[in-house]
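Undergrad: sharing a model prediction with you, sequence too.
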Number of protein chains: 2
Amino acid sequence: MSYIAIDLGGSHAACALVDGSTIIAKQNFEISDNKSLRGLLPRVEDSVRDLLHQSNDHCNGIAFSFCGIVDAVQGRIIQTNGRYYDAPLMDLREWATSRFALPLRIENDARTALLGEWVAGAARGFDDVVMIVLGSGVGGAAMIGGRLLRGKHGQAGCLLGHFSCELAGRLCSCGNVGCVEAEASSSVIDGICRQHPQYEGSALVDLQHVRFKDVFAYADAGDECARSIRERSLRVWAAAAVSWIHAYDPEVVVFGGGVMSAAEDILPAITEYVDRHAWTPWGKVTLRNAALGNEASLFAGPALFNGHP
Amino acid sequence: MSYIAIDLGGSHAACALVDGSTIIAKQNFEISDNKSLRGLLPRVEDSVRDLLHQSNDHCNGIAFSFCGIVDAVQGRIIQTNGRYYDAPLMDLREWATSRFALPLRIENDARTALLGEWVAGAARGFDDVVMIVLGSGVGGAAMIGGRLLRGKHGQAGCLLGHFSCELAGRLCSCGNVGCVEAEASSSVIDGICRQHPQYEGSALVDLQHVRFKDVFAYADAGDECARSIRERSLRVWAAAAVSWIHAYDPEVVVFGGGVMSAAEDILPAITEYVDRHAWTPWGKVTLRNAALGNEASLFAGPALFNGHP
């Protein structure tokens, strides 16, 4: 099948013409103002029109990945975390029909990343999948028996970064305490470094803003503060991975997101911990790096349009 | 419908004749030797025969709750945690057919407790439910959209007591670290008290074996050690409740098990924490005490036999 994929994040968008599992053409653009979705749509429409002009085949529809909570059944955006305030009021199916005479499917972007990896990436061949996206936040999705977990309010499987992993942990932006996202994500790593007792004696102190890639590089170079923070971050993700496995009973856990590209030793460290601590009497869960990077969501179309899941 | 319910635990069994949501007759017996299921079945058969003799109606089948991991679709026991070693080898459907000419449904006992509460108890009217059983272990089950979560290997929703809630926590019997069950369950509360820094100066020291009801009673009486342990236990369950809500997106969380009957203040304390910390933009999750006590599993028959879920 041939379709238009739109992946709309908070600061970046991608529109692509996709045929089966091949991206025929793609346009990326940065988003400087993410307050209104209505204000952004003309720019998206330009991209979609360009892409449709490049298509030789019949286009089956628009597969829309959105950075918020989505009611996929109703085809509506439910919650946007302070961005695109007008999105819940909009009828995107009507927009796709009126502008392009195309059907539209919409889903949360972590779920479309899972679907993309399932269709064409690291989760191919498995029907029981947990997908983790370690980035500025910690997002995710879960699939059981070939069906996405959605839940009554669209939240099931999506809040993997908001499992409590530390009783006396840090306050999370979500309002909870000790969330995975509050303990080890890109958005908090700089603050965690600054509060570390060894920070003042660490080379990290020279950096204006510490990113995970700095923590990994300085840890490799022997910096004690960076090593300590690396160890703890790995422990947070590994302990959380055990919880995710215990929650959803997957065969495979796929790790993606910007943090994963910052260090080769994340997956082996998590795998070692999970192999020792996960309770899976049936065998061992497979842990994998995501194969499709930040393009994963663009490959979700066939799954979204096949009524899957 | 009229059916025979069997609830087989590690130390106790109940067999009942149930009509709709009414228990017509019930037999309980203690289990002194839980090594072999084959060895126990003749005692179960006696009960079932007695109950069938008391029935005036046509009996629709046997609803079997088992204290281990079950493949409900195949009708087999998968894992028994060291008890009933021969159970995975047995064909219980064949047993029910050959002995009683009745169809049999089998399911994990936390899942049947959820189904019972859903059919006739605290979860009635909700289709998105998490059930927690706080007892010697911490068990549970999850339902989404009126369907039990089962998972590829029968473990989804069942390992709620084995979410990691403390990074540097206690080693759990399951092999994981910092599980809810390792941090706050009846099986560990005595050990937790003995390791508490205020234990020696506490009145708890006079007890041969500390149970949760002692902790709550001594805390009410002002014992500092008991108050500290009560606070931390409530925090463990409350933080876990947030994770369970984030994992499964329920409308209602039902708390049952022996620990819940030991104190009236557990549910209010957990509710207060969840209301402050759970990320549920759609509204508030309802938290309830289980209504059916240790009989909940006996009411699961209509759900199990209606192909539900």
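TA: The structure has been received and is ready for your questions.

Undergrad: tell me who's in contact with A:Val210.
TA: Residues in contact with A:Val210 (C-beta atoms under 8 Å, 6 or more residues apart in numbering or on different chains) are A:189-190, A:193-194, A:204. Every C-beta, even on glycine, is put in place using the N, C-alpha and C of the backbone.

Undergrad: neighbour-wise, which one of those leads?
TA: Within those, most neighbours by other C-beta atoms under 10 Å in any protein chain shown means A:Cys193, with 24 neighbours.

Undergrad: quick one: end-to-end length of stretch A:128-140, please.
TA: Its first and final residues considered, stretch A:128-140 spans 14 Å by C-alpha to C-alpha, to the nearest Å.

Undergrad: what domains does the record give for chain A?
TA: A:2-115+A:295-305, A:125-290 (automatic domain parsing).

Undergrad: most tightly surrounded among those domains?
TA: Comparing the domains of chain A by mean neighbour count (mean count of other C-beta atoms under 10 Å in any protein chain shown), domain A:125-290 ranks first with a mean of 21.

Undergrad: tell me the mean pLDDT for that domain?
TA: Throughout domain A:125-290, pLDDT has a mean value of 96.

Undergrad: can you put the domains of chain A in TSV and add distance to B:Gln74?
TA: Below are the domains of chain A laid out as TSV (distance: least, C-beta to C-beta, whole Å):
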stretch	distance to B:Gln74
domain A:2-115+A:295-305	27
domain A:125-290	13
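
Undergrad: what residues does the stretch 101-250 of chain A have near chain B?
TA: A:127-128, A:144-145, A:149-157, A:159-160, A:162-167, A:174-178, A:232, A:235-236, A:239-240, A:242-243, A:246-250 (C-beta under 8 Å from any C-beta of the partner chain).

Undergrad: can you rerun that using 7 Å?
TA: A:128, A:144-145, A:149, A:151-153, A:155-156, A:159, A:162-167, A:174-178, A:235-236, A:239-240, A:242-243, A:246-249 (C-beta under 7 Å from any C-beta of the partner chain).

Undergrad: one step back: quick one: which of the contacts of A:Val210 sit in helices?
TA: Secondary structure from DSSP state H places A:189-190, A:193-194 of the contacts of A:Val210 in helices.

Undergrad: any idea which of those residues is closest to B:Gly9?
TA: Ranked by distance to B:Gly9 (C-beta to C-beta), the ones in helices among the contacts of A:Val210 are led by A:Ile189 at 46.5 Å.

Undergrad: phi first, then psi, for the residue nearest to the closest one when sequence neighbours are not counted.
TA: Nearest non-adjacent residue to A:Ile189, counting by C-beta to C-beta, 6 or more residues apart in numbering or on different chains: A:Phe212, 5.5 Å away. Phi and psi for A:Phe212, reported as degrees, to the nearest 10, are phi -60, psi -40.

Undergrad: what's near enough to touch A:Phe212?
TA: A:186, A:189, A:259, A:262 (C-beta atoms under 7 Å, 6 or more residues apart in numbering or on different chains).

Undergrad: distance of A:Gly39 relative to A:Tyr85?
TA: Distance, A:Gly39 to A:Tyr85, by C-beta to C-beta, to the nearest Å: 11 Å.

Undergrad: same deal with A:Tyr273?
TA: 40 Å.

Undergrad: same check on A:Leu204?
TA: With C-beta to C-beta as the criterion, A:Leu204 and A:Tyr85 are 37 Å apart.

Undergrad: A:Val236 too?
TA: Counting by C-beta to C-beta, the gap from A:Val236 to A:Tyr85 is 32 Å.

Undergrad: mind checking which helix or strand A:Ser228 is in?
TA: helix A:224-248 (DSSP states H and E).

Undergrad: element containing A:Ile132, please.
TA: strand A:129-134.

Undergrad: which other helices and strands contact that strand?
TA: For strand A:129-134, the packing partners by 3 or more C-beta pairs under 7 Å, 6 or more residues apart in numbering or on different chains; DSSP states H and E come out as helix A:109-120, strand A:138-144, helix A:224-248, strand A:252-256.

Undergrad: now distance to B:Gly301 too, for the ones you listed, in a markdown table please.
TA: Listed next are the helices and strands packed on strand A:129-134 as a markdown table, based on distance: least, C-beta to C-beta, whole Å:
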| stretch | distance to B:Gly301 |
| --- | --- |
| helix A:109-120 | 35 |
| strand A:138-144 | 25 |
| helix A:224-248 | 28 |
| strand A:252-256 | 36 |
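
Undergrad: go through these and name the closest to B:Gly222.
TA: helix A:224-248 (35.5 Å).

Undergrad: quick check: angle from that closest one to strand A:138-144?
TA: Relative orientation of helix A:224-248 with respect to strand A:138-144: 30 degrees, computed using axes from the mean of the first three to the mean of the last three C-alpha atoms, to 10 degrees.

Undergrad: show me how far helix A:224-248 is from its chain's centre.
TA: Offset of helix A:224-248 from its chain centre (C-alpha atoms, centre = their mean, to the nearest Å): 18 Å.

Undergrad: who are the packing partners of that helix?
TA: Secondary-structure packing of helix A:224-248 (3+ C-beta pairs under 7 Å, 6+ apart): strand A:129-134, helix A:180-183, helix A:212-220, strand A:252-256, helix A:266-277.

Undergrad: okay, A:Val274 and A:Val242: tell me how far apart.
TA: For A:Val274, the distance to A:Val242 - C-beta to C-beta - is 6 Å.

Undergrad: if we can go back for a sec, quick one: closest of the domains of chain A to B:Leu292.
TA: Of all those, domain A:125-290 comes closest under C-beta to C-beta, at 23.0 Å.

Undergrad: off-centre distance for that closest one?
TA: So, by C-alpha atoms, centre = their mean, the centroid of domain A:125-290 is 12 Å from its chain's centroid.

Undergrad: show the end-to-end separation of it, please.
TA: Start-to-end, domain A:125-290 (C-alpha to C-alpha) is 14 Å.

Undergrad: spatially nearest residue to the residue of chain A most remote from its centre (excluding sequence neighbours)?
TA: Computed with C-alpha atoms, centre = their mean, the residue of chain A farthest from its C-alpha average is A:Gly201, at 34.7 Å. Ranked by C-beta to C-beta, 6+ apart and with sequence neighbours excluded, the top spatial neighbour of A:Gly201 is A:Cys225, at 7.1 Å.

Undergrad: now swap in A:Phe299 and tell me
TA: In space, A:Phe299 is closest to A:Gly116, 3.5 Å off (C-beta to C-beta, 6+ apart).

Undergrad: tell me, how many residues neighbour the one you found?
TA: 33.

Undergrad: I'd say it and A:Ser297 touch.
TA: Yes. At 5.4 Å, A:Gly116 and A:Ser297 qualify as touching, with contact defined as C-beta atoms under 7 Å.

Undergrad: got the contact list for the nearest residue to A:Tyr273 once chain neighbours are set aside?
TA: Using C-beta to C-beta, 6+ apart and skipping the chain neighbours, the partner closest in space to A:Tyr273 is A:Ala238 (3.5 Å). Residues in contact with A:Ala238 (C-beta under 7 Å, 6+ apart) are A:269-270, A:273-274.

Undergrad: closest one of the residues you listed to A:Ser11?
TA: Closest approach to A:Ser11 among the contacts of A:Ala238 (C-beta to C-beta): A:Ile270, at 27.3 Å.

Undergrad: out of the domains of chain A, flag the one nearest B:Gly68.
TA: domain A:125-290 (10.3 Å).

Undergrad: contacts for stretch A:37-49?
TA: Stretch A:37-49 is touched from outside by A:4, A:6, A:13, A:15, A:27, A:29, A:31, A:33, A:84, A:86-87, A:90, A:95, A:99-100, with contacts defined as C-beta under 7 Å, 6+ apart.

Undergrad: closest to A:Asn60 among the residues you listed?
TA: Nearest member of these to A:Asn60, counting by C-beta to C-beta, is A:Ile4, at 8.9 Å.

Undergrad: from A:Ser21, how far out is that closest one?
TA: Counting by C-beta to C-beta, the gap from A:Ile4 to A:Ser21 is 15 Å.

Undergrad: with A:Val210 instead?
TA: 37 Å.
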